[in-house]
Each structure stands twice: as structure tokens, then as C-alpha cells.
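>>> What would the 3D arrangement of this be:
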Amino acid sequence: MLQKLRFWAPFFIFVTVIIVLAFVWYITFPPSAWEGTPNYLEMYLGFVVTRPVDAFLTVSTGPGGTVSWAFVPAYLLIITHVVLYMVGKRKEQQYTIANKHYLIYLVLLGLFAISFQNASQHHGWYWNPELNAPGYVDTWTHITSPWLLGALIVPFALERYLGWDRRFMWFFMFAVLAIIALGWEIGETLDVQLRPAATDYFNYPMDSLKDMIMGAGIGTVLSCWIYERLVIDLGEKA
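Numbering: from 1, shown residues only. Presented below is the predicted three-dimensional model:
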């Protein structure tokens, strides 16, 4: 009993400290700081409930006008992982290195990331006209989108085709997301030059750098770390 208490005590202590500090963080803001701040959660849930087709079956974003139908490959990749997992389990082969826990996580993440992106686009959360700068939600959409993309690619284990160890998935995932992030940001910058009217999202250098750090850096950490916890760690325990 004492050994269990010693084992779990640091966990409960740290969680308690975090909860207390989070509460203090919240109440230290003066009431004026919250004035005019939209209720993003309420607006997101309202959009999902009242416009489910627009929320889950549409994507309208990106340079050059719009990138439409982007939800199709995302959902197709989720279905591909499910099918390959089921076929591989029956044939005792690993076509995609995943488990049922990861597949559930992938479905939920896909639905959330796509609907959150669409809600942000629908409500115009990307730009704050008062500050003439990207809005708050701009940060979160640049994390959730590459997070989903990384989560969809990681199970294919690209490194095993070169005979590398599984831990090198971090390198491959970062490389893929970095290439995509750089290509996307270059496209936004060129789009403004080719279409002067597209100044509503003019690609400032520091904002572009921030987007790439979140997309390639944080996207890699989230996708790879959660994958290791749900697949590798749970697989070893099983």
C-alpha cells in the first residue's frame, strides 16, 4: 500500500498544482480582458450541430482561391488504415502498424480537425481586423491540421522500407510535414503576388515561420508521441 502511494503521490501532486495554477491563471485576468472575446466552443458546437454537412464534408481554404474536397483523402486514409488493419490481422501481416485504440483515436481526430477547420473558415477566425494580424484560432488550426496529417502517415512506417529502426519515424514525419509546410507557405506568398486582391491573408515572414514551426514541429511531436503511446506501448503490454 505504501509503495503504491509513493508511486502515485507525485502524479496527484503535479496534477493538483496544475489545476490550482490553471484556476489562478483564469481568475487573474480582469473582466475587461474577456470583453468581446467570442465563445469559440459554443460557436463551434453550434456550427457542427446546425450544419453537419458543411462541418464534416467540406474543406475550403488555402492559397490560389480554395482547396476543396481536402476532406476526401483524409477520410480515405482513415478507411485505408481500418481496412489494412483488418486484412492484416486476418492474414497475420502488418500492412499498417496500428491497433484498435489508434483507429478509434484516428476517427475522432479526423472528425474534429476537419470540422474545426471548417468552423474557423465559416466564422472567419483566421484574421483579426482590429489588430491587423492573425486571429487566436489561426494558431490552433495550424496545429490540428498537421497533427491529423501526421497521425494518418505515421502508421505506414516509411522507415521500415529502408531498414531503419522504428524510432526514426520521428525524422520521416518531420521531413514530410516540413516539406508540406514549406510548400504551403511558398504557395501563400506567391498567391498574394499573383493575385493582389488576396491581401486578406498576406503572408508576413514571422507569421509564416510560426505556422511552419507549429505545422512541422508541434505536428510531428503530437502525431509521433501519441502514436508511440497508443500503438508501441500498448502493443508491448499486450
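>>> Could you check the strand or helix carrying I179 and say which residues are buried?
Assigned by DSSP states H and E, I179 belongs to helix 169-194. Across helix 169-194, burial judged by 16 or more other Cβ atoms under 10 Å covers 169-170, 172-174, 176-178, 180-181, 184-185, 188-189, 191-192. Every residue, glycine included, has its C-beta placed from N, CA and C.
>>> Among those residues, which has the minimum pLDDT value?
Note: of the buried residues of helix 169-194, the lowest pLDDT belongs to V192, at 70.
>>> Can you tell me how far that one is from E185?
Separation of V192 from E185 (Cβ to Cβ, to the nearest Å) stands at 11 Å.
>>> Just give me the residue closest to the centre of the protein.
What sits nearest the mean C-alpha location of the chain, by Cα atoms, centre = their mean, is T144, with 2.1 Å.
>>> and that residue, which of the three is it?
Secondary structure for T144, judged by DSSP: H, G, I helix; E, B strand; the rest coil, is helix.
>>> so who does the nearest residue to V154 once chain neighbours are set aside touch?
For V154, ignoring the flanking residues on the chain, the nearest one in space by Cβ to Cβ, 6 or more residues apart in numbering is Y227 at 4.7 Å. Each residue near Y227 by Cβ atoms under 8 Å, 6 or more residues apart in numbering is listed here: Y102, A151, V154, P155, M169.
>>> closest to V87 among those residues?
Within the set of the contacts of Y227, P155 lies nearest V87; the separation is 13.8 Å, counting by Cβ to Cβ.
>>> Please compute how far the helix holding I179 lies from its chain's middle.
15 Å (Cα atoms, centre = their mean, to the nearest Å).
>>> list the helices and strands it packs on?
Applying 3 or more Cβ pairs under 8 Å, 6 or more residues apart in numbering; DSSP states H and E, we find helix 169-194 packed against helix 136-153, helix 205-212, helix 219-227.
>>> by how many degrees do it and helix 205-212 diverge?
If you take axes from the mean of the first three to the mean of the last three Cα atoms, to 10 degrees, helix 169-194 sits at 140 degrees to helix 205-212.
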